[in-house]
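Trainee: Have a look at this prediction, sequence included:
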Amino acid sequence: MFKVFAEIKRKGNTTAHHDCDNASFSFNLVEEGNVIKGVFKAKKDMALSRIWIKEKMDFSDSDLFFANGYQSWTSSCEFGKNDCLTGETPAAKISKLTYAMATVFSDYRFAEYGKQGRFHSYTYCYFRKKGERNITLYGSKSERQGYTVFSVDMNKGEFKIAKDVEGLVLKAGQEYEMFNVIRIDDEFDAAFDKYFFDFVGTKEPKIKHLSGYTSWYNYFQKINEEIILRDLDGMDRAKDSVNIFQVDDGYESAVGDWLVPDAKKFPHGMKYIADKIHDKGYLAGIWIAPFSAQTSSKVFKEHKDWFIKDSETGKPLLGCPGWGLAYTLDIYNPEAREYIAKFFDVFLNEWGYDMVKLDFLYSQCVQPRNGKTRGEIMCDAVDFLRECCGDKLILGCGVPLGTCMGIFDACRISCDANKAYNGDLLNRIKINNEIPSCRFAINNAIFRNHLDGRAFCNDPDVFFLRDFNIKFTLEQKLLLGKINAICGNVLFVSDDAGRYDNQTVKYLVDFFDDRDYKVLFAEYESADDVRLDFSENGVKKTLRFNIETGVSNIMECL
């Protein structure tokens, strides 16, 4: 049986309660079969901080806990009682910039890290014994009342389900549903089918498979019309396997000023690019960070009142340390909403793009506000984005996954891949769990594979096949490409494929091909060695690799 705990804020003080009915509130917790429901009723006006329920559990050395990270980029994995979930590291405090990079992307300011055997997971989690396929899955029906956080202390023998309700304000007499959680004991795939399709109510995504090009990982913001059209022609060599071509960051005059493309870089404008992509028979995609505006942008300079304010300083709240710092448009500001809706209308209806990749979405809920929780704010934001885009395709990125399941068509499920397989300086100092990293990207592709086709189409980020502007061996490139193909259905490269030799074109077509892949089993056999059993068009195969070095039996699996 679960026991109830709550933290209530009244008159500037936080009070902890360990009972279900007192002078301040009542909490009705009901366990009916495999569903746990909890309704909170305020007896006085109050602001809440956390509500949680917990029970005792026994854990052995063979038990594993899957921890789903805070957002798209956050490392997500199975952990045992001797493991440790690390958060921001001491290197994060080297400068104000590295500290901002370490903390703003995720939950480091309000979650626990760094304790052996103690882990937390957002929206859902599962328990599994090493070597076994059956799981016990716990999952929330919705994050609209606040993020549902499942956590364990495997050494202390505790399992906790918490609701992040920081910022929630209730009036006396008001009721609020805190928990609607299901427990499912079943085989891995059957459990996730029951959770997503039967309990949450998601449908299979309307797109099954996207394969093509995105500009980011070869040029970053240094793109122009000539590069984009050259690389568009370069995809001709794999044309029958390509169905989408996406322009990423760098076309705009400033982040936030989306309707003012850089005229020097794109003299014919962005409708011209969409038309050229359509001439090839591909869907046209374009990247936007719809809530972000860098400090040099016109929209930020002229409309600072449209942006989220820091609750302590009253100044614009940092949403992203990139682009020389960026702030976040407030979706509850009517003029900001109108501005956002306008540029989506132009992108999708005037310029003719078929898909928008929406990035840095977490920035909308960095701070609770307006009496709403982080989860409630993020769900409102996702609903607004869907409203703006109508039935056009949305590829989400940098978003807490529980808020967009069944709403976005596709979603990133990993951090950015790194152009060096073994990483760069940020990898070596590891300031957080969201930095670009091939190790983290591969890990997430495998251990979030269950989301594909249930919550949305999985985007495990790009793979690389080029021989220039990259630090990969051929073996590492093929390993990343194969894992992406097995575990996802949004497959991108950022290469000028016109420079490929014939064998490389063949690899590209093989990875882009819409084959019947199914993950049968995945597990860390040691700290760095991974076993991935899968079937490919009905043929069973086993891929073994060292995630740190990229050494593998990949040639046996192609």
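Mentor: Received, thanks.
Trainee: List the contacts of the nearest residue to residue 155 once chain neighbours are set aside.
Mentor: Among residues not flanking residue 155 along the chain, residue 117 sits closest, at 4.1 Å (C-beta to C-beta, 6 or more residues apart in numbering). Quick note: C-beta positions are derived from backbone N, CA and C, even for glycine. Each residue near residue 117 by C-beta atoms under 8 Å, 6 or more residues apart in numbering is listed here: 59, 81, 82, 83, 84, 152, 153, 154, 155, 156.
Trainee: are any of the residues you listed buried, and which?
Mentor: Neighbour counting by 16 or more other C-beta atoms under 10 Å classes 59, 81, 83, 152, 153, 154 among the contacts of residue 117 as buried.
Trainee: between the residues you listed, which is closest to residue 270?
Mentor: Nearest to residue 270 out of the buried ones among the contacts of residue 117 is residue 83 (C-beta to C-beta; 46.5 Å).
Trainee: Where does the residue nearest in space to the middle of the chain fall, secondary structure wise?
Mentor: Closest to where the C-alpha atoms of the chain average out (C-alpha atoms, centre = their mean) is residue 72, at 1.3 Å. Remark: residue 72 resides in no helix or strand, with elements defined by DSSP states H and E.
Trainee: for it, what are its contacts?
Mentor: Taking C-beta under 8 Å, 6+ apart as the test, what residue 72 contacts is 396, 397, 398, 399, 401, 411, 412, 413, 414, 415.
Trainee: quick one on the thing from earlier: can you redo the buried ones among the contacts of residue 117 as CSV with secondary structure?
Mentor: As requested, these are exported to CSV (DSSP: H, G, I helix; E, B strand; the rest coil):
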residue, secondary structure
59, coil
81, coil
83, coil
152, strand
153, strand
154, coil
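Trainee: For residue 226, state which of those is nearest.
Mentor: For those, with residue 226 as the reference and C-beta to C-beta as the criterion, the closest is residue 83, at 48.9 Å.
Trainee: picking that back up, ok, now how distant is the residue nearest to the centre of the chain from residue 534?
Mentor: 23 Å (C-beta to C-beta, to the nearest Å).
Trainee: now residue 356
Mentor: 31 Å.
Trainee: Also residue 346?
Mentor: Separation of residue 346 from residue 534 (C-beta to C-beta): 42 Å.
Trainee: now, which of the contacts of residue 72 lie within helices?
Mentor: Secondary structure from DSSP state H places none of these in helices.
Trainee: Adding pLDDT, distance to residue 485 and neighbour count, write those out as a markdown table.
Mentor: Below are these laid out as a markdown table (pLDDT from 0 to 100; distance: C-beta to C-beta, whole Å; neighbours: other C-beta atoms under 10 Å):
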| residue | pLDDT | distance to residue 485 | neighbour count |
| --- | --- | --- | --- |
| 396 | 98 | 21 | 27 |
| 397 | 98 | 20 | 24 |
| 398 | 98 | 23 | 23 |
| 399 | 98 | 23 | 26 |
| 401 | 98 | 21 | 26 |
| 411 | 98 | 17 | 28 |
| 412 | 98 | 16 | 28 |
| 413 | 98 | 14 | 32 |
| 414 | 98 | 14 | 32 |
| 415 | 97 | 19 | 27 |
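Trainee: Relative to residue 40, which of the residues you listed is nearest.
Mentor: Proximity of the contacts of residue 72 to residue 40 (C-beta to C-beta) peaks at residue 401, which lies at 24.9 Å.
Trainee: What segments of the stretch 151-300 of the chain are helices?
Mentor: For the stretch 151-300 of the chain, helices defined by DSSP state H, counting those that start in this stretch occupy the ranges 188-193, 216-219, 225-234, 269-279, 298-302.
Trainee: Poorly predicted segments of the chain, please.
Mentor: For the chain, applying pLDDT under 70 flags the ranges 1, 10-19.
Trainee: Any buried residues in the strand ranked longest in it, and which?
Mentor: For the chain, the longest strand by residue count, based on DSSP state E, is strand 175-187. Residues 176, 178, 179, 180, 181, 182, 184, 186 are the ones in strand 175-187 that count as buried (16+ other C-beta under 10 Å).
Trainee: Name the nearest residue to the third one, ignoring sequence neighbours.
Mentor: This points to residue 179. Distances taken as C-beta to C-beta, 6+ apart place residue 38 nearest to residue 179, at 3.8 Å, with adjacent residues excluded.
Trainee: tally of neighbours for that neighbour?
Mentor: By the criterion of other C-beta atoms under 10 Å, residue 38 has 22 neighbours.
Trainee: What of residue 441?
Mentor: 26.
Trainee: Which residues are in contact with the nearest residue to it once chain neighbours are set aside?
Mentor: Residue nearest to residue 441 in three dimensions, not counting chain neighbours: residue 414, with 4.2 Å by C-beta to C-beta, 6+ apart. By C-beta under 8 Å, 6+ apart, the contact set of residue 414 is 72, 73, 440, 441, 442, 443, 444, 445, 448, 460, 461.
Trainee: Please repeat the previous calculation with a cut-off of 10 Å.
Mentor: Residues near residue 414 by C-beta atoms under 10 Å, 6 or more residues apart in numbering: 69, 72-76, 397, 434, 436-438, 440-448, 458-461, 484, 487-488.
Trainee: Mind checking which of the residues you listed are buried?
Mentor: Buried among the contacts of residue 414 by 16+ other C-beta under 10 Å: 69, 72-76, 397, 434, 436-438, 440-448, 458-461, 484, 487-488.
Trainee: taking those residues one by one, which sit in strands?
Mentor: Per DSSP E, the buried ones among the contacts of residue 414 map to strands at 458, 459.
Trainee: Using the three-state scheme, assign residue 509.
Mentor: Taking three-state DSSP as the rule, one finds residue 509 in the helix state.
Trainee: what's near enough to touch it?
Mentor: Applying C-beta under 10 Å, 6+ apart, one finds that residue 509 lies in contact with 211, 237, 238, 239, 240, 241, 242.
Trainee: List the buried residues for the helix ranked longest in the chain?
Mentor: For the chain, the longest helix by residue count, based on DSSP H, is helix 374-389. The neighbour-count check on helix 374-389 (16+ other C-beta under 10 Å) flags 374-382, 384-386, 388-389 as buried.
Trainee: How about stretch 217-233?
Mentor: 217, 218, 219, 223, 224, 225, 227, 228, 231, 232.
Trainee: ok, now stretch 512-530?
Mentor: Across stretch 512-530, burial judged by 16+ other C-beta under 10 Å covers 512, 517, 519, 522, 523, 524, 530.
Trainee: re the thing from before, which of residue 346 and residue 534 has more residues huddled nearby?
Mentor: residue 534 (23 against 14).
Trainee: I appreciate the help and will end here.
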